[in-house]
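[1] sequence and computational prediction follow.
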Amino acid sequence: MKKYRGLQNKGMLFLLLIVSISALIMAGVLLLLILFGAIPASIMARAWVTPIIVCAGCILGALLASFLMRFYIRPLDDIVAATKRISEGDFSVRVDRKTHVSEIGLLVDNFNSMAKELEGTEMFRSDFINNFSHEFKTPIVSIRGFAKQLQSEDLTDEEKKKYAEIIASESERLSNMATNVLLLSKLENQQLVGEKKPYSLDEQLRDCILLFEKDWEQKNIEMDVELDEIEYNGNEELMSHIWINLIGNAVKYTGDGGRIEIHACIREGNAVVSVSDNGIGMNGDVLEKIFDKFYQGDKSHSERGNGLGLSLVKRIMELCEGSIKVESELCRGTKFTVLLPLSL
């Protein structure tokens with residue numbers, strides 16, 4: 001607030017300075033007119049002339065100062081006041097563009113853009129914390145509940161085994177979630193991929209497919225796999241997160257007797273990998289948010305997950321300077337297409 005008042009005081013000093021300079025300019029102009037004979041000296045000798053000159057100079061200065069205040073000082077005052085509100089946590093503030101001066105107008109536009117970005121970041125932070133708390137709380141409550149059930153003395157061996165399996169499953173879910181959160185946090189603060197080396201991308205895909213063999217055999221899913229030989233220079237461990245998430249989701253959301261296609265080839269200097277299924281698919285609203293942290297299209301949470309897998313995939317793709325595209329239709333299936341530059 002002191003800085004704001006300081007700027008106001010400087011504005012008043014600026015106004016007085018402009019008025020004074022204008023009065024001097026007016027006096028100087030009249031003096032030149034007298035010297036060149038445009039105004040007779042006898043007129044200037046009259047008592048009422050000097051006050052008129054002073055008043056005219058003040059009026060001219062006031063008009064000039066008002067013009068400058070409107071286009072320069074007031075927008076700056078508005079920005080200072082808006083900045084104070086942002087420092088207090090109000091990111092909804094915006095400054096009206098009251099000036100046509102390009103530099104001041106550009107400053108106002110950039111300030112509004114900054115405020116909009118900060119508002120979006122704050123909303124994202126709030127949503128992230130809420131979702132994070134909810135997703136961590138759910139398995140903890142489940143573990144606590146079934147642990148208490150195990151303390152009961154009248155449980156059958158079958159019930160004890162079932163409750164222990166649930167506790168183990170929820171513990172694993174909690175552990176995976178913590179691991180994913182830490183990895184995603186690390187990747188978001190990372191700008192380059194380290195420990196890169198050439199390796200067989202097609203062989204890595206085969207290994208990842210075999211990780212889910214038990215699951216897709218249990219659901220009688222037909223696997224159509226066509227993988228060309230591809231040597232890729234990258235971080236093998238980091239890239240495995242992409243294929244595990246995409247293949248895991250395809251198996252998870254494909255029904256019994258469904259079909260999954262996993263193809264890989266080289267096209268125009270890029271490795272192109274596609275993972276498609278004929279599972280439940282997604283509508284447009286879900287498609288827009290699937291890469292957001294903790295977002296799950298399955299609102300019923302009937303399928304286990306934490307909404308972090310595809311966020312990880314997206315961030316890894318950004319670090320690898322690649323791209324990922326998703327196509328989906330409700331009840332007809334989903335296709336993810338990954339494009340990785342081979343020249344990097």
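    Arrived safely, thanks for sending.

[2] going forward, measure contacts between C-alpha atoms and count neighbours the same way
    OK.

[3] all the strands of the stretch 101-250 of the chain, residue numbers only.
    Ranges of strands within the stretch 101-250 of the chain are 197-200, 222-227, 231-234, based on DSSP state E, counting those that start in this stretch.

[4] each with direction, which strands does the first one pair with?
    In other words, strand 197-200. Paired neighbours of strand 197-200 in the sheet (DSSP bridges): strand 231-234 (antiparallel).

[5] average pLDDT across the partner strand?
    Averaging pLDDT along strand 231-234 gives 90.

[6] how about stretch 169-187?
    75.

[7] report the buried residues of that stretch.
    Going by neighbour count (16 or more other C-alpha atoms under 10 Å), the buried part of stretch 169-187 is 170-171, 173-174, 177, 180-181, 184, 187.

[8] low-confidence stretches in this structure?
    For the chain, the stretches with pLDDT under 70 are 1-74, 98-103, 120-135, 185, 188-191, 293-307, 344.

[9] tell me the domain ranges of the protein?
    Domain ranges of the chain: 2-90, 197-341, per automatic domain parsing.

[10] which other residues reach stretch 177-194?
    Stretch 177-194 is contacted from outside by 136, 234-235, 306, 308-309, 311-312, 315-316, 319-320, using C-alpha atoms under 8 Å, 6 or more residues apart in numbering.

[11] repeat that for 7 Å
    With contacts defined as C-alpha atoms under 7 Å, 6 or more residues apart in numbering, stretch 177-194 is touched by 235, 306, 308, 312, 315, 319.

[12] cool, and stretch 245-258?
    209, 216, 219-222, 275, 277-280, 309-310.

[13] 8 Å - rerun?
    Residues contacting stretch 245-258 (C-alpha under 8 Å, 6+ apart): 208-209, 212, 215-216, 219-222, 260, 275-281, 303, 309-310, 313, 334, 336.

[14] what do you get for stretch 228-236?
    193-202, 264-266, 271, 342, 344.

[15] try it again with 7 Å
    Contacts for stretch 228-236 (C-alpha under 7 Å, 6+ apart): 193-202, 264-265, 342.

[16] just checking, Asp292 touches Gly309?
    No - the pair Asp292 / Gly309 is not scored as a contact, 9.7 Å apart, by C-alpha atoms under 7 Å.

[17] quick revisit: could you dump the strands of the stretch 101-250 of the chain to JSON lines with mean neighbour count?
    JSON lines is the format used below for those (neighbours: other C-alpha atoms under 10 Å):
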{"stretch": "strand 197-200", "mean neighbour count": "13"}
{"stretch": "strand 222-227", "mean neighbour count": "15"}
{"stretch": "strand 231-234", "mean neighbour count": "18"}
